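In: Have a look at this prediction, sequence included:
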Amino acid sequence: METFTYYPGCTLRTKAKDLDTYARVSAEALGIALEEPADWQCCGGAYTTAKDEIATKLSAVRTLNAAKELGRPLVTVCSACHNVIKQTNYDISRDEDMAAKVNNYLRLPEAYTGETTVYHYLELLRDVIGFDKLSEKVVNPFKGKKIAAYYGCLLLRPSKALAMDDPENPTIMEDFIRAIGGIPVIYAQRNECCGGYITMEDKAQAQKRSSAVMESAADQGADMVITACPLCLYNLKKNSGSELPVFYFTEMLAEALGLKEASNE
Amino acid sequence: MNKNIKEQVLRSSGVNVLKCMRCGKCSATCPSYDEMEYHPHQFVYMVEKGDIEKLMKSESLYKCLTCFACVDRCPRNVEPAKVVEAVRLAAVRQQGGNRLTPDMIPDMLDDDLPQQAIVTALRKYAK
């Protein structure tokens, strides 16, 4: 069994426990051990792009450095954590001024300058395990189910830093859907924003954005929508007014692997 | 024209606003276009002109979702969202400039709201 360092982030410990639990049981069944670093901190939820912001980037660097010291790649599941950690890693490996300020503050035994490899859980499935291997382990395929992958913004952009897939014509989640036996549904809004944190101060805008996403998926005949992001799940379920079910992709994975019932016991 | 603020925004964003050719693609793709008084291409243009105080007082600052659509789709790699962020930081870093404070959070909660929404909003709207 291969071991990876695993960063769950704040929401996977609280409102998005399903996203975390199903990720862990599925990884284990696929021969991957996920180990949390000690004392991880919340990533902050959003990457601050400003060059004169240093403090807001430190928690992500601490996580990246913990993975480096453990000598293993880092795996994330939450789209927001992934985005913050990937953007931090991208900038610290290219922006010498930022790297110097961060390292002056942290005083690590060895300076951190972007050495850690970061995988989103979907990339772990695609690049480490392989979707073909995954499909061999599926015992409950989603036969005939039309599943709409919702990427949103955070998994794909900015594409220079995230480098997961083609930001305008992504395939990783559709390939995942095929691997678990479903039929992927392509729809126009799959990589447009759900409204994100604007739900905190402008419900109308969040309703407008999330309903546009759900209507677009429904128009293309989707039976359900899957996401990797707790805030997308919230907006699509609570703010869209749509009846279309929304699930975490890890829940679908666990169900396809026949692990869902056991992990709820 | 306030030269200090312009220099601060340019330095903080790391954006070269002169690369913009004003095609408007950033604003055309912005999911918050209808909610904004000033649109992404106007942020870039107004920062170039040093007309930043109007932006700092505008509600548009808090409508950007940081979805990076404008950043990825700009044909000139201008990265307008970074300009919006730099102007927003210039506004919320001022004394009393916080848009959101922790004491406002309890009234915003519901049973399903993920923690991610709260930490992200605080990072965006407060210092």
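Out: Okay, I see it.
In: Give the closest residue to the residue minimising distance to the centre of chain B in space, chain neighbours not counted.
Out: With distances taken as C-alpha atoms, centre = their mean, residue B:84 lies nearest the centre of chain B, 2.7 Å away. Among residues not flanking residue B:84 along the chain, residue B:64 sits closest, at 4.6 Å (C-beta to C-beta, 6 or more residues apart in numbering or on different chains). Bear in mind the C-beta positions are built from the backbone N, C-alpha and C, glycine included.
In: mind listing what the one you found touches?
Out: B:32, B:40, B:81, B:84-85, B:88 (C-beta atoms under 8 Å, 6 or more residues apart in numbering or on different chains).
In: Thought residue B:42 was touching the residue nearest to the centre of chain B, still the case?
Out: No - with contact defined as C-beta atoms under 8 Å, residue B:84 does not reach residue B:42; the gap is 10.3 Å.
In: hang on, the earlier thing: okay, and the residue nearest to the centre of chain B sits in which element?
Out: Residue B:84 belongs to helix B:80-92 when elements are defined using DSSP states H and E.
In: What of residue A:225?
Out: Here residue A:225 is assigned to strand A:224-227, by DSSP H and E.
In: contacting residues around the helix or strand just after that strand?
Out: Counting by DSSP H and E, the next helix or strand C-terminal to strand A:224-227 is helix A:230-234. Here helix A:230-234 makes contact (C-beta under 8 Å, 6+ apart) with A:11-12, A:15-16, A:19, A:78-80, A:150, A:152, A:194, A:196-197, A:199, A:227, A:246, A:248, B:112-114, B:116-117, B:120.
In: Just the buried residues out of those, in ChimeraX syntax.
Out: Selecting the buried subset of the contacts of helix A:230-234 in ChimeraX, with 16 or more other C-beta atoms under 10 Å in any protein chain shown as the burial test, is done by:
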select /A:11,12,15,16,19,78,79,80,150,152,194,196,197,199,227,246,248 /B:113,114,116,117,120
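In: Could you list which of the contacts of helix A:230-234 belong to strands?
Out: Using DSSP state E, A:227, A:246, A:248 are the members of the contacts of helix A:230-234 that sit in strands.
In: In the chain, where is pLDDT below threshold?
Out: Using chain A here. Residue ranges of chain A with pLDDT under 70: A:265.
In: sorry, should have said chain B
Out: By pLDDT under 70, the low-scoring segments of chain B are B:1-2.
In: That's all I had, so thanks and see you.
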